[in-house]
Each structure stands twice: as C-alpha cells, then as structure tokens.
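[1] The following comprises the amino acid sequence and a computationally predicted model.
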Amino acid sequence: MTLQNDIAQSLANELKNHIDKEIMDGFMTDILVEEGWIKTKINPAFTGSIAPEIDWYVQTAEWIHINAKGDYKLLKGQWLFKDPRDATMFILRWS
C-alpha cells in the first residue's frame with residue numbers, strides 16, 4: 001500500500017465514523033425524546049453567540065454534574081435531561 005492509499009483509507013474511515021456517530025446520535029435523541037426526556041435546544045454554536053463553544057460545553061457540563069438530580073446526555077450539541085426539573089433549571093441558567 002502506498003502513502004496515498006493509507007491517507008485515503010484513513011480519511012474514509014474517519015468520515016465513516018463521523019457519519020455513523022451522527023446517525024446513532026440522531027436515533028438516540030429521537031428515542032430519548034419519545035421516552036419523555038427534555039431536549040433543551042440551547043447552544044451558543046446554534047444561536048450565533050460569540051462565546052467560545054468549547055468553554056460553553058465545559059461550563060455547562062460542570063454545572064450539570066453538580067446540579068442535575070437525574071440522568072442527562074449531550075447528543076448532537078444539545079443537552080437532554082430525563083428529569084424535567086433539571087431541564088428547567090438548565091434553561092433558566094443558560095438561556
């Protein structure tokens with residue numbers, strides 16, 4: 001195998017993994033919402049905020065870890081909460 005083939009194969013694998021993750025995250029989001037989880041729809045990357053995106057994820061993850069009482073997940077850039085009270089508190093704090 002040549003270096004070009006190695007690079008092409010590596011890029012193809014990376015793209016495949018990214019597409020697989022997007023599809024699986026979409027399925028998981030749909031399933032959780034159907035089960036009653038709350039999707040918060042708050043993310044500065046989607047609202048045009050100038051805040052650095054990585055800082056927002058770090059700050060919100062820390063806040064959620066300390067304050068959430070129920071389960072939570074980050075899928076497709078959105079926080080989802082099993083407990084509606086956690087979702088409400090998150091929305092009040094971060095919107």
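    Nice, thanks for sending it over. Treat the numbers as computed from the prediction; the structure is a model and nothing was measured.
[2] Follow the chain on from the lowest-mean-pLDDT helix or strand in the chain and name the next helix or strand.
    Least confident helix or strand, the chain: helix 44-47 with a mean of 66, by mean pLDDT, DSSP states H and E. As assigned by DSSP states H and E, the chain's next helix or strand after helix 44-47 is helix 53-67.
[3] what comes into contact with that next one?
    Under the contact criterion CB atoms under 8 Å, 6 or more residues apart in numbering, helix 53-67 has outside partners Asn43, Pro44, Ala45, Ser49, Tyr72, Leu74, Trp79, Asp86, Met89, Phe90, Arg93, Trp94. To be clear about C-beta, it is placed using only N, CA and C from the backbone, and glycine gets the same treatment.
[4] same question, stretch 72-91
    22, 25-26, 28-29, 32-33, 36-43, 45-46, 57, 60-61, 63-64, 67-71.
[5] and it, average pLDDT?
    For stretch 72-91, the mean pLDDT works out to 95.
[6] Quick check: buried residues in that stretch?
    Tyr72, Leu75, Trp79, Leu80, Phe81, Lys82, Asp83, Asp86, Ala87, Met89, Phe90 (16 or more other CB atoms under 10 Å).
[7] Which strands and helices lie in contact with the helix or strand hosting Ile19?
    Counting by DSSP H and E, the element that carries Ile19 is helix 3-34. Identification of packing neighbours for helix 3-34 by 3 or more CB pairs under 8 Å, 6 or more residues apart in numbering; DSSP states H and E yields strand 38-39, strand 72-75, strand 78-81.
[8] okay, and for this protein, where does confidence drop off?
    1, 45-53 (pLDDT under 70).
[9] switch to 90 and redo it
    Along the chain, the model assigns pLDDT under 90 to residues 1-6, 8-9, 17-18, 20-22, 41-57, 76-77, 95.
[10] about what we covered before: just the closest of the buried residues of stretch 72-91 to Lys16, please.
    Distances from Lys16 to these, taken as CB to CB, are shortest for Leu75 (19.3 Å).
[11] All good on my end, thank you.
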